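Undergrad: Prediction below, plus the sequence it came from.
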Amino acid sequence: MLYINCPHCGMRSQNEFSYGGDASVKRPELNTEISDKEWDDFVYNRKSLRGKHLELWQHISGCRQWIKVERDTATHEIFRTFKADEEVA
Amino acid sequence: MTQAFRIENGGLINRDKKLSFKFNGKNYFGYEGDTLASALLANGVHLVGRSFKYHRPRGFFGAGVDEPYAVVQLYRNGETEPNIKATEQELFEGLEAKSVNCWPSVNFDIGAINNFLRIFLPAGFYYKTFMWPKSFWYRIYEPFIRKAAGLGVASTKHDKERYEHKYEHCDLLIAGSGPSGLAGAYAAAKNGAKVILAEDKPRFGGSLLTSDVNIGNQSGKDWAEGIIAELKTMPNVVVKNRSQIFGYYDHNMLVMSEKVSDHLPSTKKYHPNKRLWYIRAKEVLISSGSIERPIVFGNNDTPGVMLSSAAKEYLKVYGVVVGRKPLVFTNNDSGYETAIEFKKHGVDPVVLDSRINPDSEIIDEAKNLEINIKNSYVVVAAQGYKKVKSADIASISEDKKQLGKIENIQCDCICVSGFWTPTIHLASQSGNKTKFKEEIDAFVPGQSKQNEITLGAANGEFSLEETLKTSFTAGSELSKKITENDNKIAIPNVVEKKSSQHDKFWCVPLPKGKSYKRFLDFQNDVAVSDVEIALREGYRSIEHVKRYTTLGMATDQGKTSNLNGLQLVSEIENKVVPSVGHTTFRPPYTPVSIGAIVGREVGKHSKPTRKSPMHSWHEKNNAVFVDAGVWLRPRYYRRGNENLFEGSKREAKNVRTNVGVCDVTTLGKIDIKGPDAAELLNRVYTNAWLKLPVGKARYGVMLREDGIVMDDGTTTRISENHYHMTTTTAQAANVLSHLEYYLQLVWPELNVNVVSTTEQWAGAAIAGPKSRDLLQKLFPNSNVSNEGLPFMGYMEGDLFGVKARIYRISFSGELAYEVNVESDYGNFMWEKIIEVGEEFNIQPYGTEALSTLRIEMGHVAGSELDGRTIPYDNALEGLVSKKKDFIGKRSLQRSAFIEENRQRIVGVVPLDKQTSIPEGSHLVKDDKAPLPNPKLGHISASCWSVEYDNPFSLAILKDGKNMIGQKLFAMSPLKNKVIPVEIVSSHYVDPKGERVRS
Ligand SMILES: [Zn+2]
């Protein structure tokens, strides 16, 4: 079970969180022209990365904040965690 | 009955407490502190089972967790449990056990014919043979294999035992209470660290219980006892015996199974049988010791052949001699320690040492005791079927290829020592890349990956002095990092005998003309010849060899067989062992009860149960409950002998004619506040929300980004910046998460807050033509007329002194209202509604009537919004705004979603107006068409229309828009039904929706 550092609450076990997928996906702006390809990429197309991956988790049984977690998908190592509005450098 | 193999004195058992037990129907005695294995051996019982494949007789091989043979079926307190190691099961009064893997009995086993057929049962036999003819599989092969195989029988009864889970954090977790574990624990504890010390056996001390050493001027055993006694007094230390750490998971999470009650005749009241500990440790010290390795020789699986360390443990811990004429076969000094113990207890052993001329303090001691030692000698084969009777022995050449003349010597047991294999399972599970250590012919942990360190014998360090030194230091250093204390501990002086180098010899060659089975894996019956076949047939990867031969795949996970298997592969392949590599170690280290893994989450505890504030009223009024997600909801309120059909029909009918009340507390409720709340709703819902006036409710549909309907419900504008959203019961949590996702990540600029208020409000739906009259009586000071509170209107009211929210919304299609009060007043509200409603013939109605009412009105619910339908499919396209953008809108342009003959909701009526259509039935054009009959749609929900008194269903049907009036067939192969049906409008009752506005 992963041990995730919620930037709002501190170290918490994985079973308090729910997974939210790739954090690098940006939703297209509302009320803009969006090509089929762009929309498909946003809705469906995801890379299945091996290695460092920035992903979303929600601290669902805690502060309910969505957070970003930088995790190695192969080793499960967690490098850093960020608040939703924090820039990932 | 006397215990013929129990010595007069000695051992750590309690001779004052005699225990009776039964094995295979026969009565025996043992002592408190015995294991089932030691008690049987004390009684001279060596035959305890049959082997897995050949059904050869099986005895005891080890004395603990590594035991491959002595797996029994245990009977305790009216329950039975399979797959119990006799070497781990502590004796208790009245214990009963039986052999497994033998039928009809351990002494006469029909499966043993496999032993004589063994030439036909080589590696891969099951893969090759039982494949054909195919028809034989179910009738002949499988029943035969099932009867012959297995490690016991699981109980089919409900398990009465209780199992607990516990979550724990600590600074230092220590696996194993041998010298290294004790030293590490002591040093860390003295620095104030929070320490958990786990020992899988009942007694602490590990190898110190059986080795002849001194620490700080006392025996190793006394030193261990002293340390444990002191640790137990320290508030920062938890010491646990009977507790096996079996898994090392991510981020230093380890799981331990504590056997709380297995050593007792029955579990004490309020105690669990086992407790599973999830331990998050800052640091882990793995001091799991090592397991003795067998040497491979002919018939080395005969009962009476056992590890030399096991023989020593039976003697020193349990006071049991495993034989009166022991033969010790060794390639290192450990065998001598066992021989010396035998000699000290008046038993004369013979020692065969494969080495030419070994020399050490231990060997000198053996010589001084005049033990018969034969150097450059090996056991070629054990003789005897159900028990060792003698051994064929021979001298062996220096290159270990040539055997001398074979002699036969009498013996009643053969104690084998092929040196030691560090127990690296936990380290390997942690992700540590293990490395091969030439000096000991075994793998040891390499670079740590998590916060773990392996010390002592588990790290291939067999010197006690060195082990204590490194472990005290590690305990101090690891704890210092955490507690910043630095209490120096004086490392006690150690007296131990120095060992000489072991012989890298592991397998006795076959003498010419002999074909003895030489076993590598004792539990799965994998012999040297099987691995040879696998390699001959082209298997190369050790992982493939393992799966083809099943080497190391039994419940003992190859604890005694892995390394010898690797040695063999490397020898045949002419590679060095490290390049062959070992197979992956996976948790659990040893079998764990399913009950322990499941814990308390069984039966009604498998999920939480949520009840509305009106639950007790429902109970008192004969509600029959149904699970709605985690909620318990009344399905109908039984009157007399009514069944579900009759009761729900009565309730639904009463709503259509008088008035009914339904507990709708379970609906998801989300409070939405902020200046941008309307904008959020406008983006989340498909319809327009910016112009909803205060005091008005609106029905809305929300989509996922892929265009599929996610949920529906009404949202009411309570005040300028305050909205109350309702969701379906099932989607409540998802919708909240969905809103939080967009607010926190996508549109953080929106100034809105959302919070779940599902539990804060109790809800009652009042529905039926008389509902307004009732409402007026409930709220005499409010104007609830059609003008005062029009359809989709909202107001606050005073319910006999309780503040209430009144929404004029309808799920039933009737004139209806929903009244909410704070949860604590829920029951008060309900009772008032029932009381005041009496004059209007009010009846409570449950979910079944609720469904009936919504189905015949054509209102969609979860069975239509099933994660596969878009607004059009549910006839909700009128709610999809063409002007504004919203979540999922772009997906609605997908070609499949705008197809002309897109699926759509319809109503379905059986032609005979009699036969109810099972939900899930397929709609087809031709009931006689060959299979697979093309499916045009499916029945999503069925009811008995109370309006028309005939069955009515909703369906999602291909080209539903143009199918009204068509005749089709509803087919349910599950219910074996073919029903001719007519397609009608989904709005079966009041299609214009006049009632809700009346
Ligand atoms: Zn948090």
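TA: The structure has been received and is ready for your questions.

Undergrad: surely residue B:559 meets residue B:61?
TA: No: Residue B:559 is beyond contact range of residue B:61, at 10.3 Å (criterion: CB atoms under 8 Å). C-beta: built from backbone N, CA, C; applies to glycine.

Undergrad: hmm, who's touching stretch B:205-220?
TA: B:12, B:176-179, B:181-182, B:199, B:203, B:221, B:223-226, B:228, B:287, B:289, B:309, B:312-313, B:316-317, B:337, B:340, B:457, B:464, B:468, B:492-497 (CB atoms under 8 Å, 6 or more residues apart in numbering or on different chains).

Undergrad: again, only using 7 Å
TA: Applying CB atoms under 7 Å, 6 or more residues apart in numbering or on different chains, the external contacts of stretch B:205-220 come out as B:176-179, B:181, B:203, B:221, B:223-224, B:289, B:312-313, B:316-317, B:337, B:464, B:492-496.

Undergrad: List the ones among these that fall in strands.
TA: B:494, B:495 (DSSP state E).

Undergrad: Find the nearest non-adjacent residue to the one residue in chain A that gets nearest to chain B, please.
TA: Distances between chain A and chain B by CB to the nearest CB are smallest at residue A:3, namely 3.8 Å. With CB to CB, 6 or more residues apart in numbering or on different chains as the criterion, residue A:3 has its nearest non-adjacent residue at 3.8 Å, and that residue is residue B:251.

Undergrad: State the pLDDT value of that neighbour.
TA: Looking at residue B:251, its pLDDT stands at 96.

Undergrad: so how far is residue A:76 from it?
TA: Distance, residue B:251 to residue A:76, by CB to CB, to the nearest Å: 7 Å.

Undergrad: Need the residues touching each of these two.
TA: With contacts defined as CB under 7 Å, 6+ apart, the residues shared by residue B:251 and residue A:76 are residue A:2.

Undergrad: Would you mind telling me which of these two has more residues around it?
TA: Counting neighbours by other CB atoms under 10 Å in any protein chain shown for residue B:251 and for residue A:76 shows that residue B:251 has the greater number, 18 against 15.

Undergrad: Next, the contact list for the most centrally placed residue in chain A, please.
TA: The residue lying closest to the centre of chain A (CA atoms, centre = their mean) is residue A:56, at 1.6 Å. By CB under 7 Å, 6+ apart, the contact set of residue A:56 is A:20, A:21, A:23, A:66, A:68.

Undergrad: before we move on, what about residue B:197?
TA: Here residue B:197 is in contact with B:174, B:177, B:181, B:185, B:231, B:237, B:239, B:240 (CB under 7 Å, 6+ apart).

Undergrad: Roughly how far does it sit from chain A?
TA: 22 Å (CB to the nearest CB, to the nearest Å).

Undergrad: Figure out the helix or strand that that residue lives in.
TA: strand B:195-198 (DSSP states H and E).

Undergrad: Now do that strand, average pLDDT.
TA: 98.

Undergrad: Name the next helix or strand following that strand along the chain.
TA: Counting by DSSP H and E, what follows strand B:195-198 is strand B:214-215.

Undergrad: List the pairing partners of that following strand within its sheet, with orientation.
TA: strand B:218-219 (antiparallel), strand B:494-495 (antiparallel) (DSSP bridges).

Undergrad: what's the next secondary structure element after the last one?
TA: The helix or strand immediately downstream of strand B:494-495 is strand B:519-521, counting by DSSP H and E.

Undergrad: what mean pLDDT would you report for the following helix or strand past that following strand?
TA: Once strand B:519-521 ends, the next helix or strand along the chain (criterion: DSSP H and E) is strand B:526-527. Strand B:526-527 shows a mean pLDDT of 91.

Undergrad: Does the residue sitting furthest away from the middle of chain A belong to a helix, a strand or coil?
TA: What lies farthest from the middle of chain A is residue A:33; by CA atoms, centre = their mean that is 26.1 Å. Under DSSP: H, G, I helix; E, B strand; the rest coil, residue A:33 falls in the coil class.

Undergrad: That one and residue B:469, how far apart?
TA: Taking CB to CB, one finds residue A:33 at 73 Å from residue B:469.

Undergrad: just to revisit the earlier point, dump the contacts of residue B:197 to CSV, plus neighbour count and distance to residue B:387.
TA: CSV is the format used below for the contacts of residue B:197 (neighbours: other CB atoms under 10 Å in any protein chain shown; distance: CB to CB, whole Å):
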residue, neighbour count, distance to residue B:387
B:174, 31, 40
B:177, 30, 34
B:181, 31, 37
B:185, 30, 42
B:231, 21, 43
B:237, 23, 46
B:239, 22, 40
B:240, 18, 38
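
Undergrad: coming back round to it: got the phi and psi for the residue nearest to the centre of chain A?
TA: phi -100, psi 140 (degrees, to the nearest 10).

Undergrad: what's near enough to touch residue 73?
TA: Looking at chain A here, since you left the chain open. Taking CB under 7 Å, 6+ apart, we find residue A:73 in contact with A:49, A:50, A:51, A:53.

Undergrad: meant chain B actually
TA: B:80, B:82, B:97, B:98, B:100, B:152, B:153.
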